[in-house]
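**Q** sequence and predicted structure below; questions after.
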Amino acid sequence: MTSIGLKGGGPTYDIMFENIKNFFELTKESRITLRVNVGPDNYDAIYKLVDALEILPKDRLRIYFRWIFQGGETEKEIHREVMNFRGENSYEKLAKFYYYASQKGFETFLPILSNPIYCEYDCESSILIGPKGEVFPCTVAVNEGNEFGKVTNNGIEYDKTKYLLWYKHDAFQDEECKKCELLPQCFGGCRNAIVNSGVRGCPEEKTALESFARLWYFTKDMERKLKAVKKDENIKV
């Protein structure tokens, strides 16, 4: 398994995996939340990746899986390939990895149930700073024109008009959102989608609510059972 991410096109998997191992060896309590991006090229290797992670301390690692998605205008072809691969049962094709990881004893991370936010943008302390000091709202909205501030000698200076535009949409005032069974868990979905395209960026879980509920129950039930086993082992010791 390799991922192409270096400037020269070299593999990054071994480097990243070794860095994660070193992190756990050099720390005692710190935890890692690992996002696994899934697409046509690595879909069949995800089980193998989860198996490889078993050498890491499971009590300090949690995993979640997300489809690769378009992060800019230059990746439209990649976006089309992923969407075609996902098909109509997109959620179920991803959910099976949660089941597998949970059965292996890993804590899984279901984002819209684990935090009172949709993504990092909803955190007041979260911003993305570009190489030239540009300030972007989130890791998706890094296209030219999306910057809504810049880093200066006096701190961060915001373009107030652009800044307020990102806060304009309120799911709790949106008639369609108020009818949705996922509100308030989704917080209105992807803000980048509504700001830049006018389309609600609803989370994928909305397309398969019953499957999502079953997965949530299964993963939490597995976590409770694992905790009970560990508690029993500690008592015996």
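**A** Perfect, thanks for sending it.
**Q** mind showing which ranges of the protein have poor pLDDT?
**A** Low-confidence segments of the chain (pLDDT under 70): 1-6, 70-76, 113-117, 124, 229-237.
**Q** got the residue ranges for the strands in it?
**A** Taking DSSP state E as the criterion, the chain carries its strands at 32-38, 61-67, 107-108, 128-129, 134-136, 149-152, 155-158.
**Q** so which of those is the most packed in?
**A** Across those, averaging neighbours per residue (mean count of other C-beta atoms under 10 Å) puts strand 107-108 on top, at a mean of 21. In this view, the C-beta of every residue, glycine as well, is placed from N, C-alpha and C.
**Q** how about the strands of the chain in a markdown table, adding distance to Asn19?
**A** As requested, the strands of the chain are exported to a markdown table (distance: least, C-beta to C-beta, whole Å):
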| stretch | distance to Asn19 |
| --- | --- |
| strand 32-38 | 10 |
| strand 61-67 | 14 |
| strand 107-108 | 20 |
| strand 128-129 | 21 |
| strand 134-136 | 25 |
| strand 149-152 | 27 |
| strand 155-158 | 29 |
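**Q** closest one to Phe218 among the ones you listed?
**A** Phe218 lies closest, by C-beta to C-beta, to one member of these: strand 107-108, at 9.5 Å.
**Q** distance between the closest one and the chain's centre?
**A** 13 Å (C-alpha atoms, centre = their mean, to the nearest Å).
**Q** can you list the strands that that strand pairs with?
**A** strand 61-67 (parallel) (DSSP bridges).
**Q** contact partners of the strand it pairs with?
**A** 24, 31-39, 46, 50, 53, 82, 86, 90, 94, 97-98, 101, 106-111, 204 (C-beta atoms under 8 Å, 6 or more residues apart in numbering).
**Q** ranges for the helices of this protein?
**A** 13-26, 46-52, 76-86, 90-103, 111-114, 160-168, 175-179, 191-196, 209-236 (DSSP state H).
**Q** looking at those, which is buried most?
**A** When those are compared using mean count of other C-beta under 10 Å, helix 191-196 is most buried, at a mean of 20.
**Q** and that one, what does it pack onto?
**A** helix 160-168 (3 or more C-beta pairs under 8 Å, 6 or more residues apart in numbering; DSSP states H and E).
**Q** contact partners of the helix it packs on?
**A** 121, 137, 147-149, 191, 195.
**Q** now do it: distance to the chain's middle.
**A** 24 Å.
**Q** do the same with stretch 15-29
**A** 20 Å.
**Q** how about that stretch as CSV, C-alpha atoms only?
**A** Provided in CSV are the C-alpha atoms of stretch 15-29 (Å, rounded to 0.1, in the frame of the first residue of the first chain):
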residue,chain,number,x,y,z
ILE,A,15,6.8,7.2,6.2
MET,A,16,3.4,8.1,7.6
PHE,A,17,3.0,4.7,9.3
GLU,A,18,6.5,4.9,10.9
ASN,A,19,5.7,8.5,12.1
ILE,A,20,2.5,7.2,13.8
LYS,A,21,4.4,4.4,15.5
ASN,A,22,7.1,6.8,16.7
PHE,A,23,4.4,9.1,18.1
PHE,A,24,3.0,6.4,20.3
GLU,A,25,6.4,5.3,21.4
LEU,A,26,7.4,8.8,22.4
THR,A,27,4.2,9.7,24.2
LYS,A,28,2.3,8.0,27.0
GLU,A,29,-1.2,9.3,27.0
